[in-house]
Every structure is written in structure tokens, then in C-alpha cells.
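# got a predicted model here, sequence first, then my questions.
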Amino acid sequence: MNGGLRLTVLGAGHLGITHAACMASLEFDVLGVDIDRGKLDQLNAGHLPLYEPGLGELLRAGLGAGRLRFTHSYREAAAFGDVHFICTGTPHRPGSDHADLSQVRACVAALAPWLDRPCLVVGKSTVPVGTARRLAAELASACEGVELAWNPEFLRESTAVTDTLSPDRVVAGVTSRRAEEILRQVYARPLADGAAFIVTDLETAELAKTAANAFLATKISFINAMAEVCEAAGGDVRALGQILGADPRIGPAFLRAGLGFGGGCLPKDIRAFAAHAEDLGAGAALGFLREVDAINLRRRARAADLTLELADGNLAGVPVCVLGAAFKPGSDDVRDSPALDVAQILNGMGARVTVYDPVALDSARRVCPELSYADTITEAAQDAHVVLLLTEWPEFAALRPGNLASVVARRNIVDARHALDPDTWLEAGWCYRALGSAAGTRATVPPRK
Ligand code: UGA
């Protein structure tokens, strides 16, 4: 089915490791490339340097079957591959909202001089529109028969393996039939399973990714804007989200009000998209993304304000328990994590913050060494005046008032992710506060499972 194509995956981050291991599971021979030798040693020994459900097993299966290995050598990659996937990161430039393309450029510059036969280079990284056209020219001048395609990735952390093996759609930004055919071969299995294959130009393919993330962020900030209105008017944003989501034109996904979005993608992607649109002279078109960002950040400030209220207006020296450090459940990623941001804000207000997270404690300790950390929920909640649920891990959603009642000093809880049943906590004598409803409001919809 795979036409004997040999694949390289350039960049062994979340995207690259997932893509490499998934392609090996589809029976391609895959060579992963990265410049970090420590990480390469780990990967070749079967150790996953990040948390992603199901990925470790896939990595070890690929290595064991002899279909997957990792190297630092671009020369080896050029000799090995018929198709080279660019999966390097595009963080924001320090001190700027623009994307930093240095890793993508470095990877193409390292590969191009070694290419000596026709092949397809496929960009998967999230880049500003226009990048692919420039890279295509650079590659075409390096060696005859070398072509570039753009094939954005829509995988989510925590479901990265299924998102890669069973995508909704495969976007093929191409400049030739040959490139399209090669991508059809690479994705033959998901296409046979029903994934849509959408052929387009390079620019539309680049935009597909940034537009999708911008839309998702907008949807979340829309419901969080409604949460602000509910707080002012006395409505319940959970019920409102359920009512809106029942309209098939709107749909329920990404309408979960709460602490908002974080992570290594949505926040930096909407900022880079808005900044690039300004460069293109289309800044007015994406001005609303600045507001989407502002609404998102206001939720963090609101969670801190609720905590201050529950602590009678003074957090100095007050023990506070923070449940959650990861930007979302199922991940150990704390990049732009709303939970960790709130913990830092509270720390800045003088609170004695203790954080617990089932998976992300090590990453959190590295980024925020000034906070205290605990190894269990009860240890974190010991003597707390306020408990905040900031990442909706299942073990937090399963908490009952009785689990904490004898541990905390005062029965105050801020449920920033609508993970708990308000009635249960109110009936047990807790002061329960959520984002997007008036103080002490009883539930009008059951909590999320
Ligand atoms: C996001 C996109 O969903 C992927 O399609 C995309 O490929 C990826 O970015 C990327 O650019 O690489 P991810 O960052 O892994 O994926 O996480 P999401 O599941 O999108 O969640 C993002 C944030 O939004 C999380 O902090 C989550 O808690 C929050 N969120 C999500 C809400 O606050 N409400 C919702 O209804 C949904």
C-alpha cells in the first residue's frame, strides 16, 4: 500500500515524534532527524521525552520492527528519504508576536545541500502564509526534481496518535500532480478509512492551519465572553453553552467555558496570525483576534479575583491549593498554561500557593520554581483557605466534598473548568464559585463527565 516510499521526519518534537511513530505503524520505513543528541539517544532507546497517551508503545513498536530510528545526520536523511517531512517548531520570536522561523529555515538549509535526487519535501509546521513559496524556490534551486508541498497538521496533544492515524481531513498544498500522488500514497490508509483529501495551493494549505486555530480560539473566547455577561447578569454559561451547541449550525465542540485556552499552539498562533496580517496590510481583518486573546487572558484574572473574594480580600500569607498545572488534561505541557498562570498571579498577590498535577509537576517545577508543589491532592490541600480546580483532570472531576473537608482550613472552592457538580459542594456547606455564573448559583445542567 505504501509504494515503497521511505520517509524522513525532520524535528523530533511533539509533532515530529508522533508523525514518525505513526508513519512507521503504517509500515513505512522512517528516519527521524533532530540536532539534540540527548533526545536522539532517548528515542533510539525507546524512551518518550514527553507525555502523550499511546505514543510510547508506538515508538517502541516501530523501533522493534526495525522500521523507525533517529539520527542527527541530514546527509543520511537526504540519502534515505523519498519524502521529507518538516516538523520543526515555530515558537514566537522573543519580544514579538511574529513566528520564529529559524528552526524551519535551519532544517531546510541543512537538508538542501545533500539532496541529489528527485524527492518531495513536505512542510507540516505552522508557518505564516508565504513561507512555503519561498522555501519551494530555495529547494528547487538546490537540486533538480526537488519539490515542496504543504500538508498542515491538525493533531491535538493528548489525542495526537488517533488524530494522526484517523484525521478528519488531509490537506495537500501542492504545485504538481506528482506531489499530490505522493501524498495520496503516504496517506493511503487514512484516506481508505474515509479521511477527506483536499488538494489546494501552497498558500491555502498554510492558511488552513492558522485559520483553523484562529476559529477554535474564537469559539472558546466567544463562550468565555458570554461567561462574563452571565457573571454580570446572573445567567449560567454552562446552560447557555449547551443551548448554543444544540444548534447544528454552531455545534457543541469548543464551547466549554472556563479558564480559556493555553498551550504551545492556540495563543502563539493567533498572535502570529494577527501580526502577519498587519505585515500583509490586512491587519483590520484579524483585529478581532486581539480581542479573542484579551478575553482569554481576562479569565485568568477573574479566577484570581474570585480567590481573593473567597479569602476576604487579602491573600497575604494565605495557603491556597491549585489543582492542575498542565494546559489541559492528558498532557504534561505547561507552555502558556492558564492553570500555572493563575498560580503565579496568586503567588504575586502574596498567597502561599501549593500546586498538584498528576503528570505535569516536573515541567511546572522547571518553569515556575518559585511555587510549592505537592505529590498528592490532599497534601496540596492541607490547611488551604481556597482550593482552585484549574485543569480538568478526571481525578479532580471525581473529587467529592468529603475528600477534602477534613484537610482544608476553610471550605472554599473555585471550579474554573466546570468539572464539579455545584449542588454537591453547596449542599456539603462549601462556598462554590465557578467562572460564568453568579455567586453560589445552583446547577442548571449536570457537570461534564
Ligand atoms: C490545538 C488544535 O486543537 C489542534 O487542531 C492543532 O493541531 C494544535 O493546536 C496545533 O496547532 O498543533 P492543542 O493545543 O493540543 O490543539 O489543544 P486543544 O485541545 O485545542 O485545547 C487548547 C486549549 O483550549 C486548552 O487549554 C483547552 O483547555 C482549551 N479549551 C478547549 C477550552 O477552554 N474550551 C474548550 O471548549 C476547548
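Looks like it arrived, so ask away.
# what residues does this structure have near the ligand?
126, 153-157, 213, 216, 220, 254-256, 258, 260-263, 265-266, 269, 327-328 (CB under 6 Å from any ligand atom). In short, each C-beta sits where N, CA and C put it, glycine included.
# so how far is residue 393 from the closest residue to residue 372 other than its chain neighbours?
Leaving out its chain neighbours, the residue that sits closest to residue 372 by CB to CB, 6 or more residues apart in numbering is residue 354, at 4.5 Å. Separation of residue 354 from residue 393 (CB to CB, to the nearest Å) stands at 16 Å.
# give me the more crowded residue out of those two.
residue 393 (24 against 21; other CB atoms under 10 Å).
# let me see the contact set for the more buried one.
323-324, 326, 329, 357-358 (CB atoms under 8 Å, 6 or more residues apart in numbering).
# among the residues you listed, which ones are in strands?
Among the contacts of residue 393, the residues falling in strands (DSSP state E) are residue 323.
# turn the contacts of residue 393 into JSON lines, including pLDDT.
Compiled in JSON lines, those are given as follows (pLDDT from 0 to 100):
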{"residue": "323", "pLDDT": "98"}
{"residue": "324", "pLDDT": "98"}
{"residue": "326", "pLDDT": "98"}
{"residue": "329", "pLDDT": "97"}
{"residue": "357", "pLDDT": "98"}
{"residue": "358", "pLDDT": "98"}
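# the ligand: which of the contacts of residue 393 is nearest?
residue 329 (7.9 Å; CB to the nearest ligand atom).
# may I have the phi/psi pair for the closest one?
Taking degrees, to the nearest 10, you get phi -70, psi 150 for the backbone angles of residue 329.
# phi, psi for the residue nearest to it when sequence neighbours are not counted please.
Nearest residue to residue 329, sequence neighbours excluded (CB to CB, 6+ apart): residue 393, at 4.6 Å. In terms of degrees, to the nearest 10, the main-chain angles of residue 393 are phi -60, psi 140.
# if I look at residue 393, how far off is residue 159?
Going from residue 393 to residue 159 by CB to CB gives 15 Å.
# residue 25 against residue 164, yeah?
No - Residue 25 is not in contact with residue 164 according to CB atoms under 8 Å; the separation is 9.3 Å.
# shaky segments in the stretch 201-350 of the chain?
Judged against pLDDT under 70, the stretch 201-350 of the chain has no low-scoring part.
# which stretches of it form helices?
Counting by DSSP state H, counting those that start in this stretch, the stretch 201-350 of the chain has helices at residues 202-233, 237-245, 266-279, 288-310, 338-348.
# between helix 338-348 and the third one, find me the angle.
Relative orientation of helix 266-279 and helix 338-348, computed by axes from the mean of the first three to the mean of the last three CA atoms, to 10 degrees: 100 degrees.
# what sits against residue 165?
22, 25-26, 189-190.
# again, but for residue 391
By CB under 8 Å, 6+ apart, the neighbours of residue 391 are 323-329, 337, 339, 357, 417.
# rebuild those residues as CSV, extending it with neighbour count.
Shown next, in CSV, are those (neighbours: other CB atoms under 10 Å):
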residue, neighbour count
323, 31
324, 30
325, 30
326, 30
327, 29
328, 20
329, 20
337, 29
339, 30
357, 27
417, 29
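# and the strands in this protein, which stretches?
According to DSSP E, the strands that the chain contains are 6-10, 29-33, 68-71, 83-86, 119-123, 146-150, 169-173, 196-200, 319-323, 352-356, 372-373, 386-389, 412-415, 431-434.
# single out the most deeply packed of those.
Mean neighbour count (mean count of other CB atoms under 10 Å) peaks for strand 319-323 among the strands of the chain, with a mean of 29.
# which residues are contacting that strand?
The contact list for strand 319-323 (CB under 8 Å, 6+ apart) reads 307, 311, 339, 342-343, 346, 351-357, 377, 380-391, 393, 396, 408-409.
# next up, phi/psi of the most centrally placed residue in the chain, please.
The geometric centre of the chain, computed from its C-alpha atoms, lies nearest to residue 263 (CA atoms, centre = their mean), at 4.6 Å. Backbone geometry at residue 263, expressed as degrees, to the nearest 10, gives phi 100, psi -180.
# pull the contacting residues for it.
So residue 263 contacts 157, 327-328, 331, 333, 335-337 (CB under 8 Å, 6+ apart).
# go on, residue 400?
Residue 400 sits in contact with residue 424, where contact means CB under 8 Å, 6+ apart.
# do the same with the one 5 residues further on
When contacts are counted by CB under 8 Å, 6+ apart, residue 405 touches 411, 428.
# how about residue 125?
11, 15, 86-90, 103-104.
# format those as a markdown table; extra columns: pLDDT.
Output for the contacts of residue 125, formatted as a markdown table (pLDDT from 0 to 100):
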| residue | pLDDT |
| --- | --- |
| 11 | 98 |
| 15 | 98 |
| 86 | 98 |
| 87 | 98 |
| 88 | 97 |
| 89 | 95 |
| 90 | 95 |
| 103 | 96 |
| 104 | 97 |
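# from the residues you listed, which land in helices?
Among these, DSSP state H puts 15, 103-104 in helices.
# for the residues you listed, which one is nearest residue 371?
Proximity of the ones in helices among the contacts of residue 125 to residue 371 (CB to CB) peaks at residue 15, which lies at 28.9 Å.
# ok, the nearest residue to the closest one once chain neighbours are set aside - contacts?
With sequence-adjacent residues excluded and distances taken as CB to CB, 6+ apart, residue 15 is closest to residue 87, at 4.6 Å. For residue 87, the contact set (CB under 8 Å, 6+ apart) comprises 9-13, 15-16, 19, 124-125, 153.
# look up how far residue 384 lies from residue 87.
42 Å.
# kindly report the same for residue 200.
53 Å.
# what do you get for residue 402?
Distance from residue 402 to residue 384, by CB to CB: 16 Å.
# what do you get for residue 150?
To residue 384, residue 150 is 49 Å away according to CB to CB.
# again with residue 47
36 Å.
# tell me which of the two has more neighbours.
residue 384 (25 against 12).
# quick one: end-to-end length of stretch 110-129, please.
As for stretch 110-129, its first-to-last residue distance stands at 22 Å under the measure CA to CA, to the nearest Å.
# mind checking how far that stretch is from the chain centre?
24 Å (CA atoms, centre = their mean, to the nearest Å).
# quick one: pLDDT of residue 68?
At residue 68, the pLDDT value in this model is 98.
# residues contacting it?
Residue 68 touches 20-21, 24, 29-32, 59, 62, counting by CB under 8 Å, 6+ apart.
# and the strands of the chain as JSON lines, adding distance to residue 280?
Putting the strands of the chain into JSON lines (distance: least, CB to CB, whole Å) gives the following:
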{"stretch": "strand 6-10", "distance to residue 280": "27"}
{"stretch": "strand 29-33", "distance to residue 280": "32"}
{"stretch": "strand 68-71", "distance to residue 280": "37"}
{"stretch": "strand 83-86", "distance to residue 280": "22"}
{"stretch": "strand 119-123", "distance to residue 280": "19"}
{"stretch": "strand 146-150", "distance to residue 280": "18"}
{"stretch": "strand 169-173", "distance to residue 280": "18"}
{"stretch": "strand 196-200", "distance to residue 280": "19"}
{"stretch": "strand 319-323", "distance to residue 280": "41"}
{"stretch": "strand 352-356", "distance to residue 280": "41"}
{"stretch": "strand 372-373", "distance to residue 280": "44"}
{"stretch": "strand 386-389", "distance to residue 280": "41"}
{"stretch": "strand 412-415", "distance to residue 280": "41"}
{"stretch": "strand 431-434", "distance to residue 280": "40"}
